[in-house]
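1. build the 3D model from these lines:
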Amino acid sequence: MAVARIEDTVEGRLERLERLLVAVAEQQAAILDLLSSPQVGWLDVQAAALFLSTSPRSIRYAHETGRLVGHKNGAGRLLFSREALDKFATANDAAYT
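-> Prediction:
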């Protein structure tokens, strides 16, 4: 009886984990579709990091060192144009592509 319970618990956890992984994959695909859309003009630090396949910390560092041009909106949120990100990626394609 105890063995059956353990197997049920393990199977249930594996099923929940599989559902979670599928949901994450679907969400990631939706984000990548959004980022690849030419209609998206300005990206925040997180989206810029996804767009360049790097970390938000690397995006902030590139901005702080003047290698990546960004602008703060009225709320003080750092935003990057697709054009600036494309230019940065081209200039640094060995590290960011």
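2. please make it C-alpha for all contacts and neighbour counts, starting now.
-> Fine.
3. helices of the chain, start to end?
-> Secondary structure of the chain (DSSP state H): helices located at 2-36, 45-52, 56-64, 82-91, 93-96.
4. deepest-packed of those helices, please.
-> Mean neighbour counts were taken over the helices of the chain using mean count of other C-alpha atoms under 10 Å, and the top value, a mean of 19, falls to helix 45-52.
5. between helix 56-64 and that helix, find me the angle.
-> Helix 45-52 and helix 56-64 are oriented at 100 degrees to each other (axes from the mean of the first three to the mean of the last three C-alpha atoms, to 10 degrees).
6. then helix 45-52 to CSV, C-alphas only?
-> In CSV, the C-alpha atoms belonging to helix 45-52 read as follows (Å, rounded to 0.1, in the frame of the first residue of the first chain):
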residue,chain,number,x,y,z
VAL,A,45,15.8,46.1,-19.6
GLN,A,46,14.2,42.6,-19.2
ALA,A,47,12.9,42.5,-22.8
ALA,A,48,16.1,43.9,-24.2
ALA,A,49,18.0,41.1,-22.4
LEU,A,50,15.7,38.5,-23.9
PHE,A,51,16.1,40.2,-27.3
LEU,A,52,19.9,40.0,-27.2
